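Chemist: Turn this into a model:
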Amino acid sequence: MAFTLYALIQAALLCVNAVAVLNEERFLAKVGWATEQSVGGFGDEPGIKSQLINLIKSVRTLMRIPLIAMNTVTIVLLLLFG
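Modeler: Residues are numbered from 1 along each chain as shown. I've put the predicted structure just below:
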């Protein structure tokens, strides 16, 4: 099996799917990554943890419909071309 651009896109899609299905109550709260309500001051840089929490939350809300479409196209391409 060759390493192609399609394989790279498919791997990225699987990683985004993995982030999208993380459940906040079952997994994220247990590892301490639940949504934080801390308010930083003006000009304060948010930490890496809060940036990752915001990224996970954004992927879960904004990428829901595009992920359905991309997964459908990927499944159809795999069925047609193997």
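Chemist: Residue 9: which element?
Modeler: Applying DSSP states H and E as the criterion places residue 9 in helix 5-20.
Chemist: One more: residue 52?
Modeler: With DSSP H and E as criterion, residue 52 is part of helix 48-62.
Chemist: Give the buried residues for that helix.
Modeler: 53, 56, 59, 60 (16 or more other C-beta atoms under 10 Å). No exception for glycine: its C-beta is placed from N, CA and C like everyone else's.
Chemist: Return the list of helices and strands in contact with the helix holding residue 9.
Modeler: Packed against helix 5-20 by the contact rule (3 or more C-beta pairs under 8 Å, 6 or more residues apart in numbering; DSSP states H and E) you find helix 48-62, helix 64-81.
Chemist: rerun that using 6 Å as the cut-off
Modeler: Contact analysis of helix 5-20 by 3 or more C-beta pairs under 6 Å, 6 or more residues apart in numbering; DSSP states H and E lists helix 48-62 as its packing neighbours.
Chemist: For the helix it packs on, what does the pLDDT average out to?
Modeler: In this model, helix 48-62 has a mean pLDDT of 87.
Chemist: helices or strands next to it in the packing?
Modeler: With contacts taken as 3+ C-beta pairs under 6 Å, 6+ apart, helix 48-62 sits against helix 5-20.
Chemist: got the angle for the helix it packs on vs helix 48-62?
Modeler: Here the directions of helix 5-20 and helix 48-62 differ by 100 degrees (axes from the mean of the first three to the mean of the last three C-alpha atoms, to 10 degrees).
Chemist: CA atoms only for helix 5-20 - export them in PDB, please.
Modeler: Extracted C-alpha coordinates of helix 5-20, given in PDB (Å, rounded to 0.1, in the frame of the first residue of the first chain):
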ATOM      1  CA  LEU A   5      -2.300  12.200  -0.600                       C
ATOM      2  CA  TYR A   6      -5.600  10.400  -0.300                       C
ATOM      3  CA  ALA A   7      -4.300   8.200   2.600                       C
ATOM      4  CA  LEU A   8      -3.000  11.400   4.300                       C
ATOM      5  CA  ILE A   9      -6.400  13.100   3.900                       C
ATOM      6  CA  GLN A  10      -8.100  10.000   5.200                       C
ATOM      7  CA  ALA A  11      -5.900   9.900   8.300                       C
ATOM      8  CA  ALA A  12      -6.600  13.500   9.000                       C
ATOM      9  CA  LEU A  13     -10.300  12.800   8.700                       C
ATOM     10  CA  LEU A  14     -10.000  10.000  11.100                       C
ATOM     11  CA  CYS A  15      -8.300  12.200  13.600                       C
ATOM     12  CA  VAL A  16     -10.900  14.900  13.300                       C
ATOM     13  CA  ASN A  17     -13.600  12.200  13.800                       C
ATOM     14  CA  ALA A  18     -11.800  11.100  17.000                       C
ATOM     15  CA  VAL A  19     -11.800  14.600  18.400                       C
ATOM     16  CA  ALA A  20     -15.500  15.100  17.400                       C
END
